[in-house]
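Student: one predicted model, sequence on top.
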Amino acid sequence: MAPTLSVIIVSWNVRDLLGHALDAVYSAGAHTLELQVIVVDSASADGTPEMIRERYPQVRLIASDENLGFAKGNNRGIGEAHGDFLLLLNADTLVLGDALAVLVNYLQEHPDAGMVGPRLLNADGTTQSSRRRFPTLPVLFLESTWLQGLTPRRQLARFYLEDKADSEEQLVDWMTGAAMLVRREVLDDVGGLDEGFFMYSEELDWCHRINDAGWKIAYTPAAEIVHYGGKSSEQVALARHIYFQSSKIRYTRKYHGGPAAEALRYWLLGQYVWQSAVEGLKWLAGHRRELRAARIAAYRRVIRSGLRQYSAIAQPPSRT
């Protein structure tokens, strides 16, 4: 009997990309897997639900009237999944070749592995950075900020697993969330994603809990999936700032304690204050004033949010 695979895709206003993603999923899994596909649509305004109903009647469509976010949306899909294995897949991806079967086979052959991820590719075919070790406090304070260059080089290289080639099958601490295959038993042990993370860091937290429960997490380059990246979140760039940083703060609180999290919050807010001042000086100097004014307005909204989730905008994006 073929393994049962449930593919869960959370989508927000990426109808055309989602159609390509679904075509690739069905092509990859048609002959080797018993396939269930679930699309959780987060109140798209681009006709996504209608497209699914018309072109993919076999898809289990969950059409929400609100934007659920990455964690809650995937948990809704997980609740409807019946597969032995569950693949959380971004809507802006393209499964290549037999990647689905390769991922499922890996978990079948490695019973101590709870999760496996593929090699992610950029649109030009280059490898996308997706493998990580758990972040240290210096990494949490500096990585993905405008002061990233101050991060100790050895710590940053360790975080990005630069000591291991991306062509090498390997164990990792965590991986970015564009494509993550988990076995059903993992959900029984640790549950789904923490819905306190609206977007960003939820896969980091999930992998931390999976590791803590004794499961291994693996990366196999034999499976390849193209990830176009950010096609929903780029529609609302301000929200991306707020949710990325506030999720980092939440993760820090869970694993490094409240004082470290509050120190991180004020450190990050201070950076936005500084950047706003820099942009103001450039505006006064008459340099690209329209751009400077837009940035100042955005940074001020970030500052007013206090980097607390759900406080800054009415309709934040989903994860893709």
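Tutor: Alright, I've got the coordinates.

Student: state which strand of the protein is the longest.
Tutor: Taking DSSP state E as the criterion, the chain has its longest strand at strand 216-227.

Student: where along the stretch 1-150 of the chain do the strands fall?
Tutor: Residue ranges of the strands in the stretch 1-150 of the chain, as given by DSSP state E, counting those that start in this stretch, are 4-11, 34-42, 60-64, 85-89, 93-95, 113-121, 131-132.

Student: please produce CSV containing those, extended by mean neighbour count.
Tutor: In short, each C-beta sits where N, CA and C put it, glycine included. Formatted as CSV, the entries for the strands of the stretch 1-150 of the chain read as follows, by neighbours: other Cβ atoms under 10 Å:
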stretch, mean neighbour count
strand 4-11, 26
strand 34-42, 23
strand 60-64, 17
strand 85-89, 26
strand 93-95, 24
strand 113-121, 25
strand 131-132, 22
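
Student: against which helices or strands is the helix or strand hosting Arg158 packed?
Tutor: Arg158 belongs to helix 153-159 when elements are defined using DSSP states H and E. In terms of contacts (3 or more Cβ pairs under 8 Å, 6 or more residues apart in numbering; DSSP states H and E), helix 153-159 is packed against helix 137-142.

Student: next, the residue nearest to Tyr160 when sequence neighbours are not counted: phi, psi?
Tutor: Taking Cβ to Cβ, 6 or more residues apart in numbering, and ignoring the residues beside it in sequence, Tyr160 has Ser129 as its nearest neighbour in space, at 6.3 Å. Here the main-chain torsion angles of Ser129 (degrees, to the nearest 10) amount to phi -70, psi 120.

Student: how many other residues sit next to Ser129?
Tutor: Around Ser129 sit 12 other residues, with neighbours defined as other Cβ atoms under 10 Å.

Student: tell me the pLDDT at it?
Tutor: Model confidence at Ser129, expressed as pLDDT, equals 95.

Student: look up how far Tyr299 lies from it.
Tutor: With the distance defined as Cβ to Cβ, to the nearest Å, Ser129 ends up 27 Å from Tyr299.

Student: likewise Gly214?
Tutor: The span separating Gly214 from Tyr299 equals 43 Å under the rule Cβ to Cβ.
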